[in-house]
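**Q** A predicted structure for the sequence below; I have some questions about it.
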Amino acid sequence: MAKAPTKTPADIAELSFEKALAELEEIVAKLESGQAALEESIKLYERGAALKAHCETTLKSAQEKIEKIVVDGDGKPKTEKADFE
Amino acid sequence: MSEKNIGNLREYTVSELSGAVKRTIEDTFGLVRVKGELGRVTRAASGHVYLDLKDEKAVISGVMWKGMAARLAIKPEQGMEVVATGRMSTFPGQSRYQLIIDSLEPAGVGALMALFEERKKKLAAEGLFAPERKRPLPFLPKVIGVVTSPSGAVIRDILHRLRERFPRHVIVWPTLVQGRGAEEKIVEAIRGFNALRPGGDIPRPDVLIVARGGGSLEDLWCFNEEMVARAAAASEIPLISAVGHETDTTLIDYASDKRAPTPTAAAEFAVPVRAELLAEVLNKERRFTGAVTRMFETRRSALVSAARGLGRPEDILGAATQRLDRASDRLRSGLRGRLDTALTALARASGRLTPGLLAAGFGQREHKIGVLWSRIETRTERIVADRGSRLQASARMLAAVSYESVLERGFALVRAKDGTLLRRAGDAAEGAGGEIQFADGVRAVHFDGAAPSKSPKSPAKSASQKETPKPDEAGKPRQPRLFD
């Protein structure tokens, strides 16, 4: 039952993590209230699964990258890898 | 004073005396510390700073050479209580003396705090610290810009805490965080990050952290500079300030979107905890999966109990089936009864319907028809015979009056070439062709001589009309009698 749909709708892919999480919360609340019609609740479920997958993807993409700015002779900033340890 | 004494006095030139005073002053006041309030402060185009030090009764002019002025931690401002360190010197060209200042520092914490309060009041009056200016921090920034010293614990603390919570892309803009020129570097870094455009070579940070570790009020002073506070307020990228320890508050803390008590706390404000979010997402998923499952369960059991309420189909149909059965029974018996009645009636009627009844009538009618028939035959024969003889007589009469029989008697018909009958001499033009029909054939003719003129012809015509009955008298007068 927890299988995510194979493809994420385009509008969800655009959502920020925060918005996706907020919408997921809304869907959960709606489903838990039991107010939604059966047909609608299936749609809600599918959307919820897509939102959850999107949130997870965002959370998984947590990768550290540390750079520092170096201003060149023309006053133009560049970045280079940095280690502050 | 005696004249002798006067005579012994050494006579100086102006320059000699001026030089002597200069030496005396410089020797005596080669290194002095003087406390006073700053009067007029002028920064010349050359970079030298001219100022007056004063108290209630006296004023001493001072100058700070360019190199020294640039190294000042705190910018001199009028009204500031300061302690100046330097040496006294003279300016022989104008008979003036001045303090050549090597260093200038605020006269104690009280003075600095007074200055801080004054600036704070001024910037607050401009609305720089207004709550409505504060932008919310992004929930989960992709890129974090950090403005701080590249050396020291601060950057390490920030990176460490970020890594713990939610590893991100961090771009550090190294700056000075204290001493001369630090405020310019800090402003440059804040503006530099804001100047990065989304999609450029360097990713534009979603949030900025301006941080510095703890230190004395003087150490932190650059974060109280107006230009730093203004740059922080003007930053389009939400900015977290984290300067000094929890108890230290600098102007940038008022101007920033969020004040963090420490650099570590700034990292905590910048990103959420990834593990918590993962747990939250999983929890939500469990909840909505559970909700859907429960929903199906509820509907299923509702369906089952509803179905139970419906009852068995036989129960509902039973009564109706019985009624139908009874009705069809009655229908059958009713039909049979009706048929029986009809059959009885038929039998009764057909019993009265015998051939004898008909036969009696038939004999009389046959005889009557025979009599009538013979009368019709007799009458018909008579009529046929009578009409036949009258037909023969008519045929004879018809033959007698036909023009062919007239031709037999020697008359002829004159026709024009087109076959029209020529009844009058004038009907044919002179030289016209025609034909004459005799009883046995037709001959072509040619009319010579002129046709009679019209006027003499008219009376002739009327004459001939009067005479017309004559030739007709042969047959026509008899015709009416023929058909009598």
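**A** Yes, it's here. As the structure is a computational prediction, the values presented were derived from the model and not from experiment. Numbering: from 1, shown residues only, chains lettered A, B, ... in the order given.
**Q** Show me what the top strand by length along chain A is packed against.
**A** Looking across chain A with DSSP state E, the single longest strand is strand A:65-71. When contacts are defined as 3 or more Cβ pairs under 8 Å, 6 or more residues apart in numbering or on different chains; DSSP states H and E, strand A:65-71 packs onto strand A:77-81, strand B:169-174, helix B:182-195. From N, CA and C alone the C-beta is placed, and that goes for glycine too.
**Q** Now do the buried residues in the second one.
**A** When neighbours are counted by 16 or more other Cβ atoms under 10 Å in any protein chain shown, the buried residues of strand B:169-174 are found to be B:169-174.
**Q** What segments of chain A are helices?
**A** A:10-14, A:17-33, A:38-60 (DSSP state H).
**Q** what's the burial count for residue 57?
**A** Let's take chain A. 14 (other Cβ atoms under 10 Å in any protein chain shown).
**Q** ah, I was thinking of chain B
**A** 5.
**Q** cool, the one 5 residues further on as well?
**A** Other residues within reach of B:G62 by the criterion other Cβ under 10 Å amount to 25.
**Q** how near is it to A:E40?
**A** Distance, B:G62 to A:E40, using Cβ to Cβ, to the nearest Å: 80 Å.
**Q** repeat for B:W221
**A** 62 Å.
**Q** more neighbours, the two?
**A** B:W221 (24 against 12).
**Q** Tell me if I'm right that the more buried one and B:I74 touch.
**A** Yes. B:W221 sits in contact with B:I74 when judged by Cβ atoms under 8 Å, with a separation of 5.4 Å.
**Q** who touches both of these two?
**A** Residues touching both B:W221 and B:I74 by Cβ atoms under 8 Å, 6 or more residues apart in numbering or on different chains: B:L112.
**Q** Give me the contact list for stretch B:99-107.
**A** Under Cβ under 8 Å, 6+ apart, the answer for stretch B:99-107 is B:32, B:34-35, B:51, B:53, B:60-65, B:68, B:72-74, B:76, B:80-89, B:112, B:115, B:218.
**Q** Tell me which residues of it come out buried.
**A** For stretch B:99-107, by 16+ other Cβ under 10 Å, it's B:99, B:101, B:104-107.
**Q** about what we covered before: nearest to B:D206, out of the helices and strands packed on strand A:65-71?
**A** Of all the helices and strands packed on strand A:65-71, it is strand B:169-174 that lies closest to B:D206, at 9.7 Å by Cβ to Cβ.
**Q** from the middle of its chain, how far away would that closest one be?
**A** Put simply, strand B:169-174 sits 42 Å off its chain's centre (Cα atoms, centre = their mean, to the nearest Å).
**Q** so what strands line up beside it?
**A** If you go by DSSP bridges, strand B:169-174 pairs up with strand A:65-71 (parallel), strand B:143-148 (parallel).
**Q** what does it contact?
**A** Contacts for strand B:169-174 (Cβ under 8 Å, 6+ apart): A:63-69, A:77, A:79, A:82, A:84, B:142-150, B:155, B:158-159, B:162, B:189, B:192-193, B:202-203, B:205.
**Q** Could I get the pLDDT score of B:E381?
**A** With respect to pLDDT, B:E381 scores 89.
**Q** what do you get for B:R43?
**A** At B:R43, pLDDT is 88.
**Q** Ok, B:Q322 next?
**A** 86.
**Q** Mind telling me what element it is part of?
**A** helix B:313-352 (DSSP states H and E).
**Q** how far does that helix sit from the chain's center?
**A** 71 Å.
**Q** ok, then the element right after it?
**A** helix B:355-401.
**Q** In stretch B:411-431, which residues are buried?
**A** B:413-416, B:422, B:425-428.
**Q** brain fart, stretch B:430-440
**A** B:434-435, B:437.
**Q** what does stretch A:23-30 give?
**A** A:23-25, A:27-28, A:30.
**Q** pLDDT below threshold where in chain A?
**A** Residue ranges of chain A with pLDDT under 70: A:1-8.
**Q** Please disregard the earlier target; I meant chain B.
**A** For chain B, the ranges with pLDDT under 70 are B:1-7, B:357, B:360, B:453-484.
**Q** Contact partners for residue 73?
**A** You didn't say which chain, so I picked chain A. Going by Cβ under 8 Å, 6+ apart, the list of residues near A:G73 is empty.
**Q** could you do chain B instead?
**A** B:105, B:178-180, B:218, B:221-222.
**Q** Just the buried ones out of those residues, please.
**A** Of the contacts of B:A73, these count as buried by 16+ other Cβ under 10 Å: B:105, B:178, B:221-222.
**Q** In CSV: these, plus secondary structure.
**A** Converted to CSV, those look like this (DSSP: H, G, I helix; E, B strand; the rest coil):
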residue, secondary structure
B:E105, strand
B:Q178, coil
B:W221, helix
B:C222, helix
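**Q** could you dump the helices and strands packed on strand A:65-71 to JSON lines with distance to B:T24?
**A** Output for these, formatted as JSON lines (distance: least, Cβ to Cβ, whole Å):
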{"stretch": "strand A:77-81", "distance to B:T24": "55"}
{"stretch": "strand B:169-174", "distance to B:T24": "49"}
{"stretch": "helix B:182-195", "distance to B:T24": "40"}
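**Q** among those, which is nearest B:I369?
**A** Once those are compared by Cβ to Cβ, strand B:169-174 is nearest, at 131.4 Å.
**Q** what angle separates that closest one from helix B:182-195?
**A** 150 degrees (axes from the mean of the first three to the mean of the last three Cα atoms, to 10 degrees).
**Q** part of a helix, is B:T42?
**A** No. Assigned with three-state DSSP, B:T42 falls outside any helix and is strand.
**Q** residues contacting it?
**A** B:49-51.
**Q** Selecting buried members of those residues in PyMOL, what would you type?
**A** A single PyMOL command selects the buried members of the contacts of B:T42 (16+ other Cβ under 10 Å):
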select buried, chain B and resi 49+51
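**Q** Let's have the contacts of B:T42 in JSON lines, adding distance to chain A and secondary structure.
**A** Output for the contacts of B:T42, formatted as JSON lines (distance: Cβ to the nearest Cβ, whole Å; DSSP: H, G, I helix; E, B strand; the rest coil):
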{"residue": "B:V49", "distance to chain A": "26", "secondary structure": "strand"}
{"residue": "B:Y50", "distance to chain A": "31", "secondary structure": "strand"}
{"residue": "B:L51", "distance to chain A": "32", "secondary structure": "strand"}
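**Q** Looking at the contacts of B:T42, which is nearest B:G370?
**A** Of those, the one sitting nearest to B:G370 (Cβ to Cβ) turns out to be B:V49, at 169.5 Å.
**Q** That closest one contacts B:G67, correct?
**A** No. Using Cβ under 8 Å as the test, B:V49 is too far from B:G67 to be in contact (11.0 Å).
**Q** Do a quick rundown of the strands in the stretch 201-350 of chain B.
**A** B:207-212, B:239-243, B:258-259 (DSSP state E, counting those that start in this stretch).
**Q** Out of the ones you listed, the one nearest chain A is which?
**A** Minimum separation from chain A across the strands of the stretch 201-350 of chain B (Cβ to the nearest Cβ) falls at strand B:207-212, 12.2 Å.
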